[in-house]
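Novice: mind looking at a prediction? Sequence and model below.
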Amino acid sequence: MTPAEAAAAEQRYPVEFTGTTAQYFRIWIVNLTLTVLTLGIFSAWAKVRKRRYFYAHTRIDGESFEYRGRPSAILKGRIIAVGLLLAIVVAGNVYPQVSLETLTGKAIFFVVAVTLGPWLVVRSLKFNAANTAYRNVRLAFLGTWKGCFLVVIKYVWLLFIAILYPYFKHALVRYAAQHHAYGTTRFEVADFRKPFIHAYAVAFGVGLLGIIGVFAASAALGMMKRGEAPIVMLVGIYGGFLLLYAFVRARTTNAVWNAIRVGPVRFECTMRGRDYMWIYLSNVLAIIGTLGLATPWAVIRTLRYRAARFALVAAGPLESFIEDQTAQVGAAGQEIAEVFDLDVAL
Amino acid sequence: MNAFDASFYDGRSAQRRAVRVWVVGERLHVAGEGVDLTVGLAEVEVDSPIPGAPRNLRLPGGAQLRADEEAVAELFAGRHRLESLVERLERRWPYALGALVLLVAFAWWFVARGLPLAAEAIAAHIPARAEAAIGEQALAAIEGRVCSPSALGAAEQEALQRNFSRMTAGLNDGHPYRLLLRNCPAMGSNAFALPGGAIILTDQLVRLGGSQAGISGVLAHEIGHVRQRHGLRMLLQGAGLVALVTTLAGDAAAITSLAVTLPTVLLQSGYSREFEAEADDFAVRRMRQVGLSPRAFADLLVLIDRDHVRGAQREKQDYFSTHPITAARIERALAAETDFDRCQARSLGADRQLAACSSAIASGRLSGPELAAAYSTRGQIQNALGLQQAAVEDLDRALASGSRDAQVYNALAWILATSPQDTLRNAPRAKELALTACELTRYQDPNIVDTLAAAHAEAGEFADAVRLQKQALESPLFDKRFAKEGRERLALYEAGRPYREAPGR
């Protein structure tokens, strides 16, 4: 088969998102109220219900996804997270010698973050993958604490130079993507470093120009003297950061998914930086303007946009491939979720 | 017989098969495209309903059925009772809007009542040692960086420490109170309490020139913060607010961090105002206990406020002016003032002071030193207004109520020695009173010695009058404003004549 023939045989499967703002608003407000009334305990059920709503309304080839996370596992994860946070705050307040402002405190925090961090990340990825199913076949995350720890150790020094952060992030994302599988089919990940780093480079460059511009403009308008500059600058810098964040999210998501191949299936992710920037900005304005009531609308339209810009491309009918590729899945996947019954939102 | 269509997935491949499911008693019979099996209903695991989503039925062995919610709702009505109820709420607008109303009401109650109550209860269970550790950390952050040791004189520092001991004496609430005097140019005129009992008073506040009683009020205010554990409660309430606002923001938190921070900060400043009011109330009560008027505290608040407004104007940061808040605090402190307090308040003006003294005396609630002080103040004001007859009566009553105030003896002696009204003058009594006043002040107050001289002159003992008058005039403490009158009196005594006040003055 020549490349041209192969391309002709390819079939495109768009992702449909069928959730509606009205439906999600009701789910959101009911779950939020129950969460607040139960002082947070219901939040685990709320999270699962919302996620199950999103998954059930995300379809490929007419088949929806399924989220199987158990609220009790999420509650457990949240209790652990809150406990950790309390321990850090209390330790910092009662033993000032280990607070984050001291060198000892920083060293302890660094060691704990480098060892505990990968463990939490791996656990969460395993939990989320094992609890995501499509056509009763689960995703799996095959990474290990050791593997993730080695990646972190190898690249963590990059964090000491802020501008090299994208390389660190790239290494982590790459590790996460490479160790996923659908059933027994491992994700194959092509090199995506160039577009990934490029997104950050553009954002850093524009951000730097923006900061210079804000300073120059406020100096030119004489606001520095009148003492108004800090507020205007704060809003400007916050808004700019938000826009650049959206831009990076769109571009890096594209970069990662376009490099992934699962058996004969590849992905087309074509989100546009400027669309995503507009979505983020208008979301924030709408949420602030409605005192939060527009949150469900913002969430649904963001998911709808992402789905519209995402498609599977299969070398042949999806149905037949999937039947072949996942024929050997045993019951092993079943236990994974039970053993790793822990989800820590990071 | 009950039957419905479903999709079947065997769990070994992703293949979908269309099947028909029959419910026969307590069993499910599944049949279609190469599938033919029967399972007990009890062995089937079903997930909870989600609006607009199909239901998944997990069969033993890893296979799964997917069916419409309507088809199986009745079959599994007994499962997931709680979440089924939640789903019914999620499906209908009236419930959703009801939830919204409930949420707003609860959030309001939580912020206004629930959280402060909870913080108070939790604070009561936190050991004093932990509280002190928090205070130590805060202190370490200030020492050397923002504040240096006080530059006030040793005597002044000692006086402030004595003042502080007086305000904390007998509180017996287990807090290790201590006053730290510090020079903090960056903070300006300020005083603040740290958790655990350390209270910091800045040199800048002491130098504003408020009265000792005013400083006592400020110290009592800070003691009130420590006593009611405001520092700790603020920390706890702040944490509670962050938790609430983060929960409310939920989905939006990641993209609207500013929108989360802002309400937290605003709500927190509301708590801070409540704590200030509580501490003010304590300050007023405490001042009353040790016999001080809340007016002194209010006067110092005015000075502090003016100082801060000046500072803000200098820094051009007038958009967060504290002025209206301080005005309300001053009003509250003054509202706690009694007629007696107003009677003793020099800054009020003679008319209002006189009226306050009269109503304080008329109330019949005064006794002992307070009654004596009210009579003496009214007497001295009446004297200054030229109402000598009334002044003599009040000053007499002040002495009868047990006053040992030299100024009362002096004022009465002066009228009895120098009044233009013949019926009021009484030389022997004037001498006796002036002598007592001199003894009370160990002859160190030249203005009182001046009175004794006038009494001697009225009694015809001019040699004594001249000697005493000279002694008074030589003192450096003699009021320069009366220097000319004093010399004229000396000339009169030398000429063998007593001194008389001008009539109708």
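Specialist: The structure has been received and is ready for your questions. Numbering: from 1, shown residues only, chains lettered A, B, ... in the order given.

Novice: any idea how far the closest residue in space to A:Val152 that isn't next to it in sequence lies from A:Lys154?
Specialist: Leaving aside its sequence neighbours, A:Val152 sits nearest to A:Pro118 (Cβ to Cβ, 6 or more residues apart in numbering or on different chains; 5.3 Å). (Glycine included, C-beta is placed from N, CA and C.) A:Pro118 is 12 Å from A:Lys154, where distance means Cβ to Cβ, to the nearest Å.

Novice: now do B:Ser367
Specialist: From B:Ser367 to A:Lys154 the distance is 85 Å (Cβ to Cβ).

Novice: distance of B:Val24 from B:Val39?
Specialist: 11 Å.

Novice: neighbour-wise, which of these two wins?
Specialist: Using other Cβ atoms under 10 Å in any protein chain shown as the criterion, B:Val24 and B:Val39 rank with B:Val39 on top: 18 against 12.

Novice: between A:Pro118 and A:Lys154, which has more neighbouring residues?
Specialist: Set A:Pro118 next to A:Lys154 and count neighbours by other Cβ under 10 Å: A:Pro118 wins out with 23 against 11.

Novice: in terms of helices and strands, where is the more buried one?
Specialist: helix A:103-130 (DSSP states H and E).

Novice: next one: B:Ala455
Specialist: Assigned by DSSP H and E, B:Ala455 belongs to helix B:446-458.

Novice: please enumerate residues in contact with the very next helix or strand once past that helix?
Specialist: Where DSSP H and E defines the elements, the next helix or strand beyond helix B:446-458 is helix B:462-474. Outside helix B:462-474, the residues that touch it by Cβ atoms under 8 Å, 6 or more residues apart in numbering or on different chains are B:443, B:446-447, B:449-450, B:452-454, B:456-457, B:478, B:483, B:486-487, B:489-490, B:493-494, B:496.

Novice: what are the buried residues along the following helix or strand past helix B:462-474?
Specialist: Using DSSP H and E, the helix or strand that follows helix B:462-474 in sequence is helix B:483-494. Buried positions in helix B:483-494, judged by neighbour count with 16 or more other Cβ atoms under 10 Å in any protein chain shown: B:Gly486, B:Arg489, B:Leu490, B:Leu492, B:Tyr493.

Novice: so the first one is in contact with B:Phe478, correct?
Specialist: Which is B:Gly486. Yes - at 6.7 Å, B:Gly486 counts as touching B:Phe478 under the criterion of Cβ atoms under 8 Å.

Novice: what residues do the two have in common as contacts?
Specialist: Taking Cβ under 8 Å, 6+ apart as the contact rule, B:Gly486 and B:Phe478 both touch B:Asp450, B:Ala472.

Novice: before we move on, the earlier item: is it true that the residue nearest to A:Val152 touches A:Gly143?
Specialist: No - with contact defined as Cβ under 8 Å, A:Pro118 does not reach A:Gly143; the gap is 9.0 Å.

Novice: which residue ranges of the stretch 51-200 of chain A form helices?
Specialist: Here the stretch 51-200 of chain A has its helices, by DSSP state H, counting those that start in this stretch, at A:71-94, A:103-130, A:145-155, A:165-178, A:193-220.

Novice: list the contacts of B:Ile58.
Specialist: Check again: residue B:58 is Arg, not Ile. B:Val44, B:Glu45, B:Val46, B:Asp47, B:Gln64.

Novice: beta-bridge partners for B:Arg17, please?
Specialist: B:Phe8 (DSSP bridges).

Novice: tell me, how many residues neighbour it?
Specialist: The burial count for B:Arg17: 14, using other Cβ under 10 Å.

Novice: same check, this time on the one 3 residues further on
Specialist: As a burial measure, the neighbour count of B:Arg20 was computed by other Cβ under 10 Å and equals 14.

Novice: the one 5 residues further on too?
Specialist: As a burial measure, B:Gly25 scores 8 neighbours (other Cβ under 10 Å).

Novice: with B:Thr326 instead?
Specialist: 18.

Novice: same question for B:Gln237.
Specialist: Neighbours of B:Gln237 (other Cβ under 10 Å): 25.

Novice: that one reaches B:Pro116, doesn't it?
Specialist: Yes - using Cβ under 8 Å, B:Gln237 is in contact with B:Pro116, at 6.4 Å.

Novice: what pLDDT is listed against B:Ala283?
Specialist: The model reports B:Ala283 with a pLDDT of 90.

Novice: can you name the residues that contact it?
Specialist: B:Ala283 touches B:Gly217, B:Val218, B:Ala220, B:His221, B:Ile223, B:Gly224, B:Pro294, B:Phe297, B:Ala333, counting by Cβ under 8 Å, 6+ apart.

Novice: go again using 10 Å as the cut-off
Specialist: By Cβ atoms under 10 Å, 6 or more residues apart in numbering or on different chains, the contact set of B:Ala283 is B:167, B:216-225, B:292, B:294, B:297, B:333, B:336.
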